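A.B. asks: Generate coordinates for the sequence data below:
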Amino acid sequence: MTTKNKLPHEHPFPSWYHSLHAYSRASEDLRRQAEKMRQRGRAIRIETDALTKFYQLDINNRLRHRINCNREWLQILGDLLRQILEVTQALGDTKIQADQFIADLGDAMTVNVETLTHRDTRLDGDYVQDDVQEELRREAKLQNDVKSRLQFTIDDAVAHLQALIAIRREVEKAIRDKEEAKKIDLDVYNSNEKSAPVGFKPFCDRETKNHLDLQVWEDLFRDLLSRGHEQVLKGLELCERLYDELNKAAHRLEQKAKEVAQRLRRRIFEYNSAIRELKFQHKQLEKTRSQLRFDIREWQSAREAKTASYKLAQSRKEARTFRPGIENAADAPYFGLRDECDNLIECMDGLDEQIMKGRENLQLVEDRMGEVCERIRVVNRSLTIDETVMGMRKRLEVPQHISRPACPIVPAGIVRERIKFH
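C.D. replies: Modelled structure (predicted):
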């Protein structure tokens with residue numbers, strides 16, 4: 001067995017020097033190689049530490065720039081949101097005032113319709129197209145015009161309020177997103193190797209869907225900012241326009257109400273003057289009627305006296321006809337009695353004619369008195385109607401303050417407040 005395992009040839013025995021030299025060279029080479037590896041590892045460690053620190057500082061600088069950018073955008077968007085809220089509040093308050101103005105205008109239109117309807121109850125003689133009626137119809141036309149214009153502007157204000165609410169929601173969402181992004185960037189900026197959530201994240205390299213470029217991102221926010229400023233300016237312009245229309249409408253309606261009140265006062269003054277004149281004429285007609293009645297009674301008394309005289313004349317004339325024979329001649333008494341009878345007949349006929357004319361004039365005076373009385377009644381009714389209209393229109397004025405104790409003349413119940421045109 002030993003013979004089979006033995007090498008066929010024996011190696012020559014090297015010298016001691018060559019063997020020691022080989023081991024020495026191998027050790028030197030190994031130590032040199034190990035030193036190179038140590039130097040290379042040290043350089044790699046220093047380089048990796050420097051690169052790691054550099055990238056961390058570079059990322060922190062980028063995060064700081066991004067955080068400052070978000071803070072500036074938050075300040076800009078916050079100012080825009082504050083302006084939007086202020087414009088929304090101002091426009092909403094003005095719109096509420098306009099709605100109240102429309103409601104008050106509806107009450108004024110109701111008063112106008114009531115006054116026109118009440119004045120239509122005038123009687124035939126005074127149912128005329130006077131200045132008051134024309135002014136009331138002009139006022140109704142003005143009220144309809146003002147209401148339509150204000151309603152159109154209010155509709156624009158409502159539509160713009162909806163647009164402001166929509167842009168406010170966009171700005172609020174952008175602010176919330178930026179706050180969240182800033183918070184995440186701050187957490188990333190403040191994190192280090194010893195932070196609690198630091199660990200292996202297998203999905204850190206996943207790609208975000210709908211990834212936006214930085215320029216596109218900035219353009220989106222600039223577009224939102226420009227649209228917000230445009231809505232703010234439009235809201236301010238609409239608020240000023242609505243407020244200006246409210247003031248103009250209030251002045252126009254107030255001026256027209258004053259004109260109607262002036263025409264009503266003038267018409268009432270005319271009615272009072274007409275009533276005074278008619279009453280004076282009625283009084284004078286009563287005096288004339290009394291005088292006519294007195295004169296007719298005197299004429300009738302004179303007629304009765306003339307009848308007695310006529311009877312006497314006829315009796316005396318008839319008595320002289322009984323004279324005998326030639327004594328019954330046409331002497332002077334005969335002619336005197338005949339003339340007396342003729343004169344009395346003419347006097348009685350004249351008195352009868354005068355009595356008849358007096359009675360006709362008396363009837364005319366009484367008829368005229370009836371017409372004057374009827375006219376006074378008609379004018380009084382018209383005066384009452386216009387005074388009622390004046391009272392109805394006082395619902396547009398401030399009710400007088402009633403001090404205590406309460407006046408019993410003032411009825412209890414709801415007091416209609418004045419329509420205030422702001």
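A.B. asks: CA atoms for contacts and neighbours, from now on please.
C.D. replies: OK.
A.B. asks: Would you map the helices across the stretch 251-400 of the chain?
C.D. replies: Remark: helices assigned in the stretch 251-400 of the chain by DSSP state H, counting those that start in this stretch are 332-393.
A.B. asks: Tell me where the model's unsure across it.
C.D. replies: 320, 325-330, 396-400 (pLDDT under 70).
A.B. asks: Look at residue 78 and say how many residues are nearby.
C.D. replies: Using other C-alpha atoms under 10 Å, residue 78 has 15 neighbouring residues.
A.B. asks: Also residue 152?
C.D. replies: Residue 152, neighbours per other C-alpha under 10 Å, totals 12.
A.B. asks: what's the answer for residue 60, then?
C.D. replies: Residue 60, neighbours per other C-alpha under 10 Å, totals 17.
A.B. asks: Compute the distance between the closest residue to it other than its chain neighbours and residue 182, please.
C.D. replies: Spatial nearest neighbour of residue 60, excluding adjacent residues (C-alpha to C-alpha, 6 or more residues apart in numbering): residue 189 at 5.7 Å. Residue 189 sits 10 Å away from residue 182, taking C-alpha to C-alpha, to the nearest Å as the criterion.
A.B. asks: who has more neighbours, those two?
C.D. replies: Each of residue 189 and residue 182 has its neighbours counted (other C-alpha under 10 Å); residue 182 has more, 21 against 18.
A.B. asks: Can you verify my assumption that the more buried one contacts residue 73?
C.D. replies: No - between residue 182 and residue 73 there is no contact under C-alpha atoms under 8 Å: 10.8 Å.
A.B. asks: Dump stretch 69-85 to PDB, restricted to CA.
C.D. replies: Provided in PDB are the C-alpha atoms of stretch 69-85 (Å, rounded to 0.1, in the frame of the first residue of the first chain):
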ATOM      1  CA  CYS A  69     -42.200  79.000  -1.000                       C
ATOM      2  CA  ASN A  70     -45.200  77.300   0.600                       C
ATOM      3  CA  ARG A  71     -45.200  79.800   3.400                       C
ATOM      4  CA  GLU A  72     -45.200  82.700   0.900                       C
ATOM      5  CA  TRP A  73     -48.000  81.000  -1.100                       C
ATOM      6  CA  LEU A  74     -49.900  80.500   2.200                       C
ATOM      7  CA  GLN A  75     -49.600  84.200   3.000                       C
ATOM      8  CA  ILE A  76     -50.700  85.200  -0.500                       C
ATOM      9  CA  LEU A  77     -53.600  82.700  -0.500                       C
ATOM     10  CA  GLY A  78     -54.500  83.800   3.100                       C
ATOM     11  CA  ASP A  79     -54.700  87.400   2.000                       C
ATOM     12  CA  LEU A  80     -56.800  86.400  -1.000                       C
ATOM     13  CA  LEU A  81     -59.100  84.300   1.200                       C
ATOM     14  CA  ARG A  82     -59.500  87.300   3.600                       C
ATOM     15  CA  GLN A  83     -60.300  89.600   0.700                       C
ATOM     16  CA  ILE A  84     -62.800  87.000  -0.600                       C
ATOM     17  CA  LEU A  85     -64.500  86.700   2.800                       C
END
